[in-house]
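Novice: I'll drop the sequence and a predicted model, then ask my questions.
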Amino acid sequence: MLVFQVENREYHGASAVEVVRALKSDSTDYPVSTDSVRHFLLWSLSRLGDRVHPREMDVSDSLEDETLALGYLYLRDEYGAGKLISHT
């Protein structure tokens, strides 16, 4: 079970993709209604540009969605844009 916290809200999921999809559904300013995890990650990382170094913002086509989603959560945790509370 993964638990990711942003401000005072917790997002739970059995996988990183589930947590990222919960973050996506909670993002009222996300402009696209596509189900693409990659598209949301690109959009979200661009909004974190003031906290995350640009070299960290690559969303590789060679990685699976789960790997990208988990890397995204770790990256947000590392740069103070959320906290990964549990990863078991």
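Specialist: Cool, the structure landed. Numbering: from 1, shown residues only.
Novice: could you pull out the strands in this structure for me?
Specialist: 2-6, 9-13, 83-87 (DSSP state E).
Novice: least reliable of those by average pLDDT, please.
Specialist: Sorting these by mean pLDDT places strand 83-87 lowest, at a mean of 85.
Novice: which elements pack onto that one?
Specialist: strand 2-6, helix 65-78 (3 or more C-beta pairs under 8 Å, 6 or more residues apart in numbering; DSSP states H and E). C-beta here means a position set from N, CA and C on the backbone, and glycine is covered the same way.
Novice: if you set the cut-off to 10 Å instead, what comes out?
Specialist: Under the contact criterion of 3 or more C-beta pairs under 10 Å, 6 or more residues apart in numbering; DSSP states H and E, strand 83-87 touches strand 2-6, strand 9-13, helix 16-26, helix 65-78.
Novice: could you check the angle it makes with helix 65-78?
Specialist: 130 degrees (axes from the mean of the first three to the mean of the last three C-alpha atoms, to 10 degrees).
Novice: how many residues are close by residue 85?
Specialist: 13 (other C-beta atoms under 10 Å).
Novice: I'd say it and residue 4 touch.
Specialist: Yes: assessed by C-beta atoms under 10 Å, residue 85 is found in contact with residue 4 at 6.8 Å.
Novice: which residues do these two both contact?
Specialist: Common neighbours of residue 85 and residue 4, using C-beta atoms under 10 Å, 6 or more residues apart in numbering, are 10-12, 77.
Novice: how about those in a markdown table, adding distance to residue 30?
Specialist: Output for the shared contacts of residue 85 and residue 4, formatted as a markdown table (distance: C-beta to C-beta, whole Å):
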| residue | distance to residue 30 |
| --- | --- |
| 10 | 19 |
| 11 | 15 |
| 12 | 20 |
| 77 | 21 |
